[in-house]
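In: with the sequence up front, the predicted model follows.
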Amino acid sequence: MNPYVLTVFLLSLGLGTTLTFASSHWLLAWMGLEINTLAIIPLMAQHHHPRSIEATTKYFLIQATAAATILFASTTNAWLLGEWNITQLTHPVAATMAMMALALKVGLAPMHLWLPEVLQGLDLTTGLILSTWQKLAPFALIIQVAHSVDPTILITLGVLSTLIGGWGGLNQTQLRKILAYSSIAHLGWMIIIVKFAPQLTMLTLSTYIIMTSTAFLTFKMTATTKINTLALSWSKNPILATTTTLVLLSLAGLPPLTGFMPKWLILQELANQGLPLIATLVALSALLSLYFYLRLCYSMTLTISPNTNNALTPWRLPSSQPTLPLAIFSTMTLMLLPITPATLMLFS
């Protein structure tokens, strides 16, 4: 893609998200979401492969449906109450409709079926943008709308997402689909607490973006898209294979890694809100996710691929990929847990 055209699309992505962040009127927020969607569509379809075109078409239809529903919900609220302000979406029908549309936009269960299929059809760089940056604008609206939505709906969405995100990833062999189900599970943790402690939702979203960016950058560095090719990672780059194992365990939420921080705080808050059964259920669902992360760790560190690699020996060729972003994100993924109080103060 032409660098100037790519720059325009990336700046449009930033503009759309910033517009949604800065707006208090539903029409401006909707415009920001639409700019976001239209900017990423050419990036998704740039390889002209049937799979990427199919993924782009699915993504466009889903996002258009969600945006239309958001516009309909906000118009309904303005019609009934005469209020266009995002924080004044107080009519229960309009609030529920808007929350369902935003859940469809980010891929919360049971509106999640598009996410693994779309992510599987993309290259790792565009998949990284879809899994991280494209979540920011909808979550800015979710946090503002959540106070008007029945907490039962939010808890149901959260529990379903954590369970389906765990179960869905168990039988997968494609890394992008596994990361998609991982995304669904993490979104469940974010949405389940948004009514009670929105600062924990922002903290969880931030740590999720850091950890997922590390995973995508690592797989891009090793040019890996399937589980069985992970077995070649150790012979290519032992240090990277070691850190990737720890990154995957951080995504699973094991202490003393960064991924334990949001899960720990969310379970504590759910218990304080008098929801010990919900807290127990989502904690058990984390074990489902842990299983498929451990599969990846096993493939990377404890197996050696029986296939002969007929290509040029990759560890003798200089890599042209930048390593600084991966180093920074890896360090943050592995070592942020000790500064949990400071991180929590940052979002409070």
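Out: Arrived safely, thanks for sending. Everything numeric here is computed off the predicted structure, so don't read it as measured data. Numbering: from 1, shown residues only.

In: mind naming the longest helix for the protein?
Out: Identified as the longest helix of the chain according to DSSP state H is helix 50-81.

In: in the stretch 1-150 of the chain, what spans have low per-residue confidence?
Out: When residues are selected by pLDDT under 70, none of them lie in the stretch 1-150 of the chain.

In: run through who's touching stretch 63-70.
Out: Applying Cβ atoms under 8 Å, 6 or more residues apart in numbering, the external contacts of stretch 63-70 come out as 26, 30, 33-34, 37, 97-98, 100-102, 104-105, 141. Using the backbone N, CA and C atoms, a C-beta is placed for each residue, glycine as well.

In: and it, how far from the chain's centre?
Out: 19 Å (Cα atoms, centre = their mean, to the nearest Å).

In: with stretch 24-33 instead?
Out: 22 Å.

In: keeping just the C-alphas, turn that stretch into PDB.
Out: Coordinates of each C-alpha in stretch 24-33 appear next as PDB, following Å, rounded to 0.1, in the frame of the first residue of the first chain:
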ATOM      1  CA  SER A  24     -21.000  14.300  24.400                       C
ATOM      2  CA  HIS A  25     -23.600  14.200  21.600                       C
ATOM      3  CA  TRP A  26     -24.700  10.900  20.100                       C
ATOM      4  CA  LEU A  27     -24.500  12.000  16.500                       C
ATOM      5  CA  LEU A  28     -20.800  13.000  16.900                       C
ATOM      6  CA  ALA A  29     -20.000   9.800  18.700                       C
ATOM      7  CA  TRP A  30     -21.700   7.800  15.900                       C
ATOM      8  CA  MET A  31     -19.700   9.700  13.300                       C
ATOM      9  CA  GLY A  32     -16.500   8.800  15.100                       C
ATOM     10  CA  LEU A  33     -17.400   5.100  15.100                       C
END
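
In: can you give me the distance of residue 243 to residue 333?
Out: Here residue 243 is placed at a distance of 9 Å from residue 333 (Cβ to Cβ, to the nearest Å).

In: actually, residue 261.
Out: 11 Å.

In: residue ranges with poor pLDDT in the stretch 201-348 of the chain?
Out: Looking at the stretch 201-348 of the chain by pLDDT under 70, you get 304-319.

In: show me the strands in it, by range?
Out: Taking DSSP state E, counting those that start in this stretch, the stretch 201-348 of the chain contains no strands at all.

In: quick one: the helices in it?
Out: For the stretch 201-348 of the chain, the helices defined by DSSP state H, counting those that start in this stretch cover 233-236, 238-252, 260-272, 276-301, 324-335, 340-347.

In: buried sites along the longest one?
Out: Buried residues in helix 276-301, counted by 16 or more other Cβ atoms under 10 Å: 278-279, 281-282, 285-286, 288-290, 292-293, 295-297, 299-301.
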